[in-house]
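> Here is a sequence together with a model predicted from it:
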2 protein chains.
Amino acid sequence: MDQKIVNYLNEHKDLHLEELFEFLAIPSISAIPDHKEDVKKAANWTAEALHKIGLENVNVYSTKGHPVVYGEWMKAEGKPTVLIYGHYDVQPVDPLELWDSPPFEAEIRDEKIFARGASDDKGQTFMHIKAIEAILKTTGTLPLNVKFCIEGEEEIGSPNLPSFVEENKELLSSDVIVISDTSMLERGKPAICYGLRGLCGLQIDVKGPNSDLHSGLYGGAVQNPIHALVEIVNSFHNSQGEITVEGFYDRVEEITNNEREAFKAVLDDENLLKQLGLNELYGEKDFNTIERLFVRPTLEVNGIYGGFQGDGIKTVIPSKASAKITCRLVPNQDPNEIVELIQKHIEERIPKGVEVSISLFDKGYPFVTPFDHPAIQAAGRAYEEVYKVPTAYIRGGGSIPIVATFDQILKTPVVLMGFGLPTENFHAPNEHFHVENYEKGMETICHYWYELEKSL
Amino acid sequence: MDQKIVNYLNEHKDLHLEELFEFLAIPSISAIPDHKEDVKKAANWTAEALHKIGLENVNVYSTKGHPVVYGEWMKAEGKPTVLIYGHYDVQPVDPLELWDSPPFEAEIRDEKIFARGASDDKGQTFMHIKAIEAILKTTGTLPLNVKFCIEGEEEIGSPNLPSFVEENKELLSSDVIVISDTSMLERGKPAICYGLRGLCGLQIDVKGPNSDLHSGLYGGAVQNPIHALVEIVNSFHNSQGEITVEGFYDRVEEITNNEREAFKAVLDDENLLKQLGLNELYGEKDFNTIERLFVRPTLEVNGIYGGFQGDGIKTVIPSKASAKITCRLVPNQDPNEIVELIQKHIEERIPKGVEVSISLFDKGYPFVTPFDHPAIQAAGRAYEEVYKVPTAYIRGGGSIPIVATFDQILKTPVVLMGFGLPTENFHAPNEHFHVENYEKGMETICHYWYELEKSL
């Protein structure tokens, strides 16, 4: 790979950061309807960025939800084609008071870019755009054909992307799909993620009396919706950290001893404890931390609420109480089946004196690709050229539902090439992205296109 | 009793309602620090109202919290003295969107006064002021001596009243204390409440990782503070609705068969179900509804919260989760002891991987007076003269912590003479007060002062 490409990135560093900060300033929170226009603005910003670097057929495709941005460069005749997927939407920012700087006013502190979306996933999407820019501007061509597909609903489970992909199979066809939305192991330790957990979730709404009641006048004689909710929620796990929903683990793929052995090198419990400010870790018995994260499914309550939340006391029995629950799924669990099992579990346990309703969230299938696939090995070599250390091959605890969709609809191998760090507060206050990986990442991506051209 | 008194009340009906609406317009929410000035305004309004009807030594006494308003009429030489207690503070109003009319803009619909504080307790306090006005204006004197003690912290557990009472024993000395802050049985069925449940409470704060975490990246490997909280909260009751905190029931006074028998007439489960929009009632086994409300203690979660509460999903493991809990206590439970038992119960059950902290709320002792006391019987006769039906003698599920304080510090019998109805949404949206009981109540109070003078 020509050194000019790296020089170009260095020379344009300030300008590129300025552009990235502009992108990060758009509060494109896909989960909050009030931000619909901001999400649209981020889509248009992305399209303009693709257009500016010389891509063709740039288009903002409407969907039933937020739009999908497409652009391509198809002039490398006879060469492989890569489809780059990313997302321009971001997570909500509450609790806002825990941010040290405003989430949509990016700033660099301690060599980290602080902003919502800095790492997940505007920052990493932007890196792909600038890598293509650097190669095109310095060499006038690309070693392979490139397509970008950047969506705006990843943080809400990509509800409209499957039908978009289904309807645009030809447009999106490629030899390999590359996604940068995952993490390295830690600083200086790059990793290729060859598997992701799936996702399903539901909300439980418990309804009791038709109005909040005075706990003195009615307490003891009616079911308290909070008590009922807590009884249901507490029934999901046993005291060993295992999920007690019948059939939940039935289809879970056993891991091989080789895989178990390989995982041992990956995570350091002591570091994790320190990083999270905890005295002890906790999880399903008979598995260690990395196994719990990579290959075991979970059921987590992401939110619970009912009754008075202000300072002091309000002696009330609330009319209703709710909990939001998501599961992380592993091969070969089926999100539709898991949701049914949970619904059945709840329905068999509805406490007396309340009504319970369940609403479902979007789902994503778990995903795995063999780590000896040439596109994955080429990615590993690209990392090694820049980071000068061996690449780790890991599985990810999070979910990118669209990965399984690509897998199933386009039948194309997916390479997850992440530059985030697990400490970078994705989905939490003070999300950030290390400048070091932002810069090395762009260089790695450039190397990858040349490596990939040689491998496929 | 002179008919002129009743005529006076009728003639001044509109003017009195106007004054009451002015009182109800002051958002004197004692629990919310931002309303401190409003609470003060309500105190001054009360003092002015006492002064206007001809009371003497009217004073707004400062405390460490909200002030106490005092006023007296002591010219009935050789006659008994009654101390009237009430409170001018009100409950918070959230959720505001469930109110059909603004909580601090009183209006009459369906012969009911709708406003926060309409029944609890501004309305009932105001009735006492106007009853004294009516007697004084029409007869020029009172049948007995009267002292008013109206406080502003009842809805937050009266933290400063005990020391005020302790320091002003002489000022507050009386032969009987009368409080109108309880309910009748139902429309047309007056009741004297001769016992009240006590109160104690605490907040449980569960702290996990130092920041909200992405449930995909960390889910399964760390304790979720919501799960830990739910495990603790669920341990407070068994599946029979009984409280499982060791020692909780140890001092609970057994009820006599006579008392059980008398209760049978009081409450109609079918009506209660209809009123609350429920299909079934629920509570401690081996007790019926009225026993659960009158003579059995409770442990209720008044609020629970942690994680994401917005629309849709946010795949987060929250850093913390909290629950607010209060107990209703019956004779001879001691709130200090009960709080200690609950703390011990929690401390023995702290789940792995989280820290739990407990903070205490204010406490109130349970209270009972013999229902054959002459001051209580006189109150029963006063009701009967106006309502033309037998008075029921009941015990109340709610707590007025100050009742036990009066009992303990002043050693004076307390008569609870309520004019509210259990359906009037105290502490909830759309609190209201029936005009019928507002009017009959003032007449009943006037009768009571004459009956009391004859009895003591």
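Sure, I can see it. Numbers count the residues shown, from 1 in each chain, chains lettered A, B, ... in the order given.
> Quick check: closest non-adjacent residue to the residue of the stretch 351-456 of chain A found nearest chain B.
Distances between the stretch 351-456 of chain A and chain B by C-beta to the nearest C-beta are smallest at A:G398, namely 2.7 Å. For the C-beta atoms, the positions are set from N, CA and C on the backbone; glycine is no exception. Spatially, and ignoring its direct neighbours in sequence, A:G398 is nearest to B:G216 (2.7 Å; C-beta to C-beta, 6 or more residues apart in numbering or on different chains).
> Could you report the distance from the one you found to B:G397?
46 Å (C-beta to C-beta, to the nearest Å).
> Next: A:D407.
Here A:D407 is placed at a distance of 59 Å from B:G397 (C-beta to C-beta).
> the more surrounded of those two?
Comparing A:D407 with B:G397 by other C-beta atoms under 10 Å in any protein chain shown, the one with more neighbours is B:G397, at 29 against 17.
> Can you report how many residues lie near whatever residue of the stretch 101-250 of chain A ends up closest to chain B?
Here the residue of the stretch 101-250 of chain A nearest chain B is A:G216; by C-beta to the nearest C-beta that distance is 2.8 Å. By the measure other C-beta under 10 Å, the count of residues near A:G216 is 26.
> can you list contacts of stretch A:18-26?
A:38, A:41-42, A:45-46, A:49, A:88, A:104-106, A:113, A:115-118, A:122-123, A:126 (C-beta atoms under 8 Å, 6 or more residues apart in numbering or on different chains).
> show me what contacts the residue of the stretch 101-250 of chain A closest to chain B?
Contacts of A:G216 (C-beta under 8 Å, 6+ apart): A:315, B:197, B:199, B:328, B:396-399.
> again, only using 10 Å
A:G216 is in contact with A:315-317, B:196-199, B:293, B:298, B:300, B:326, B:328, B:396-400, B:426-427, counting by C-beta atoms under 10 Å, 6 or more residues apart in numbering or on different chains.
> Check the burial of A:H35 by counting its neighbours.
A:H35 is flanked by 20 other residues according to other C-beta under 10 Å.
> and what of A:D334?
Residues within reach of A:D334, counting by other C-beta under 10 Å, total 15.
> What are the buried residues along the helix or strand containing A:K4?
Assessed by DSSP states H and E, A:K4 sits inside helix A:3-11. Neighbour-count burial for helix A:3-11, counted by 16 or more other C-beta atoms under 10 Å in any protein chain shown, picks out A:5-6, A:8-9.
> Other residues contacting the lowest-mean-pLDDT helix or strand in chain A?
Lowest on mean pLDDT, DSSP states H and E among the helices and strands of chain A sits helix A:257-263, with a mean of 75. The contact list for helix A:257-263 (C-beta under 10 Å, 6+ apart) reads A:195, A:255-256, A:287-291, A:293-295, A:371, A:392-395.
> which of the residues you listed are close to chain B?
Applying C-beta under 10 Å from any C-beta of the partner chain to the contacts of helix A:257-263, one finds that A:287-291, A:293-295 fall near chain B.
> Now the two most distant members of these.
Among those, the pair separated by the greatest distance (C-beta to C-beta) is A:T289 and A:V295, at 11.6 Å.
> got the CA coordinates for the top helix by length along chain A in CSV?
Scanning chain A for the helix with the most residues, using DSSP state H, yields helix A:435-455. Taking C-alpha atoms only, helix A:435-455 is exported to CSV below (Å, rounded to 0.1, in the frame of the first residue of the first chain):
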residue,chain,number,x,y,z
VAL,A,435,-8.1,9.2,18.8
GLU,A,436,-5.4,6.6,18.6
ASN,A,437,-7.8,4.0,17.2
TYR,A,438,-9.6,6.5,15.1
GLU,A,439,-6.3,7.2,13.3
LYS,A,440,-4.8,3.7,13.3
GLY,A,441,-8.3,2.4,12.3
MET,A,442,-8.4,4.5,9.1
GLU,A,443,-4.9,3.2,8.2
THR,A,444,-6.0,-0.4,8.9
ILE,A,445,-9.0,-0.1,6.7
CYS,A,446,-6.9,1.2,3.8
HIS,A,447,-4.6,-1.8,4.2
TYR,A,448,-7.5,-4.1,4.4
TRP,A,449,-8.8,-3.2,0.9
TYR,A,450,-5.4,-4.1,-0.6
GLU,A,451,-5.2,-7.3,1.5
LEU,A,452,-8.7,-8.3,0.5
GLU,A,453,-8.1,-7.7,-3.2
LYS,A,454,-5.2,-10.2,-2.9
SER,A,455,-7.2,-12.8,-0.9
